[in-house]
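**Q** Generate coordinates for the sequence data below:
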Amino acid sequence: MSTAELYRWSQQVRADLDRLSGQLLDVDGDPTTKLVAAGGMTGSSAAPAAAATASLDRLWALLTAVRAQLDTVEQQRAKGRKADEDLVARCLTEPVIEVDPGLGLGRLTVSDAMNRMTADYATASEVIARIGAAWRDGLPLLDQGRSRLERLRADLGAFPEADRAAESLARADAAAATDPLLLGETLGPLRQALDAAEAAAGALQARRTELPDTLEDAAQLLARVDRTIREGSVALDETRVKIVAPTGLLAALDPTALLDDPTRGLGPWLERLRIAARTDWRAAINGLAAWCRRAEGIAATAEQVLAANRAPLERRNELRGLLDALAVKAAAAGRAEDPGLSALHERARALLYVAPCDLDAAATAVDGFGRAIAPRTARPEEDQR
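**A** Below is the predicted model:
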């Protein structure tokens, strides 16, 4: 390459160097660069931050060294014919650029140095941009998350979903401080945890608002349980008196143990929950949920007992209704005065309207009366007569 060509190339290199210098100044003026250069990055951000810092160190050193070579060439060009053309060639084509050995670059030509600076700028600017974007996008969300969480806790105090959101926020905060490239991975779980906390808070707030109504519902359930238990006991006594050897009966529940016991009884327990609701509504809500589970279990058992103990009496009443219907049917068929039918009817009625009632005998009598009034089907041989 001739000296004139070298001069022209050096001017092109200077233009490239000036453009790169301007870009480097922009990166150096970014607050993110200073934070990255300060060190202390950990995790997934440690290696990229170290690479960016090393790239910036090389950039500044090479920028000064290349500019010095270009200045020397420019000084020679200004001498015109007296220029040292060998010096110009050495400055631009030979590996005469040498910087701090700690940077690990060795001796470079101007072309090698420019290529190195281009690569280092790409590395540094990309890492700085990624870390800056992570902070720019993530830090506002962390601030919003703190505000959301503080608002929820100020209203409701601590609750599990809020605690989990606080843990997610702490992880995101830690990433923001020393591992910003991990921050993006923590934001999704943080959003989910905050949304879950707000949903849980909404449910808690609704339950707090509904607590007086829920306590009233519980009182009504208690009254129903009490009534059902007592009706089951009455039905047991009544069935034993009115039915002969009844089967399938269940022992009556003990209302004193289940409803009135000071420790486990539903009544005193509900009263304690009413008192708690005035000072610790969340404890009242949790306790009321447990109370309702036990009350509903007792209610279901009480209803089974009542149904079992009423079943024989209900069967007797069904048979009475069936007998009356059959009597109406006999009268409609013009057989109300039939002595045989009247005797069957009176026998069945006597069995059903006596205490104790023998259900098996009564059922047999009602069935016999029903078969007696059923229309007869003529036999084939009778039709031929």
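
**Q** I'd assumed residue 56 was in contact with residue 103.
**A** No - taking contacts as CB atoms under 8 Å, residue 103 lies outside contact range of residue 56: 11.0 Å. C-beta: built from backbone N, CA, C; applies to glycine.

**Q** Same drill for the two, tell me which one is more crowded.
**A** Neighbour tally, residue 103 and residue 56, criterion other CB atoms under 10 Å: the higher count belongs to residue 56, 23 against 12.

**Q** Next up, the contacts around residue 370.
**A** By CB atoms under 8 Å, 6 or more residues apart in numbering, the residues touching residue 370 are 322, 326.

**Q** Mind doing that once more with 10 Å?
**A** Counting by CB atoms under 10 Å, 6 or more residues apart in numbering, residue 370 makes contact with 322-323, 325-326, 329-330, 344, 348.

**Q** now residue 156
**A** When contacts are counted by CB under 10 Å, 6+ apart, residue 156 touches 162, 197, 200-201, 204-205, 208, 281-282.

**Q** Now list the buried members of those residues.
**A** The neighbour count (16 or more other CB atoms under 10 Å) marks 162, 197, 200-201, 204, 208, 281-282 as buried among those.

**Q** In the contacts of residue 370, find the pair that's most separated.
**A** Using CB to CB, the contacts of residue 370 reach their maximum pairwise distance at 325 and 344, which is 14.7 Å.

**Q** before we move on, back to that, let me know the closest of the contacts of residue 156 to residue 5.
**A** Proximity to residue 5 was ranked across the contacts of residue 156 by CB to CB; first place goes to residue 197, at 69.9 Å.

**Q** in terms of contact, does the closest one touch residue 160 like I think?
**A** Yes - in this structure, residue 197 is within contact of residue 160 by CB atoms under 10 Å, at 9.0 Å.

**Q** Which one's more surrounded, residue 325 and residue 344?
**A** Ranked by neighbour count (other CB under 10 Å), residue 325 and residue 344 place residue 344 first, with 21 against 11.

**Q** And that one, how close does it get to residue 335?
**A** For residue 344, the distance to residue 335 equals 11 Å [CB to CB, to the nearest Å].

**Q** next one: residue 39
**A** In terms of CB to CB, residue 39 sits 112 Å off from residue 335.

**Q** Between those two, which has more neighbouring residues?
**A** Between residue 39 and residue 335, counting by other CB under 10 Å, residue 335 is the more crowded of the two (14 against 10).

**Q** if I pick that one, what's in contact with it?
**A** Contact analysis of residue 335 by CB under 10 Å, 6+ apart lists 329, 341-342, 372-373.

**Q** same thing with residue 50?
**A** For residue 50, the contact set (CB under 10 Å, 6+ apart) comprises 36, 39, 41, 127.

**Q** Work out for me the element the nearest residue to the third one once chain neighbours are set aside sits within.
**A** Put plainly, it is residue 41. Residue nearest to residue 41 in three dimensions, not counting chain neighbours: residue 49, with 3.9 Å by CB to CB, 6 or more residues apart in numbering. Applying DSSP states H and E as the criterion places residue 49 in helix 46-78.

**Q** Point out where the stretch 251-385 of the chain drops to low pLDDT.
**A** 376-385 (pLDDT under 70).

**Q** Tell me which stretches of it form helices.
**A** Here the stretch 251-385 of the chain has its helices, by DSSP state H, counting those that start in this stretch, at 255, 266-276, 281-332, 339-352, 359-373, 380-384.

**Q** need those helices in CSV with distance to residue 60, can you?
**A** Shown next, in CSV, are the helices of the stretch 251-385 of the chain (distance: least, CB to CB, whole Å):
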stretch, distance to residue 60
helix 255, 90
helix 266-276, 69
helix 281-332, 60
helix 339-352, 112
helix 359-373, 107
helix 380-384, 123
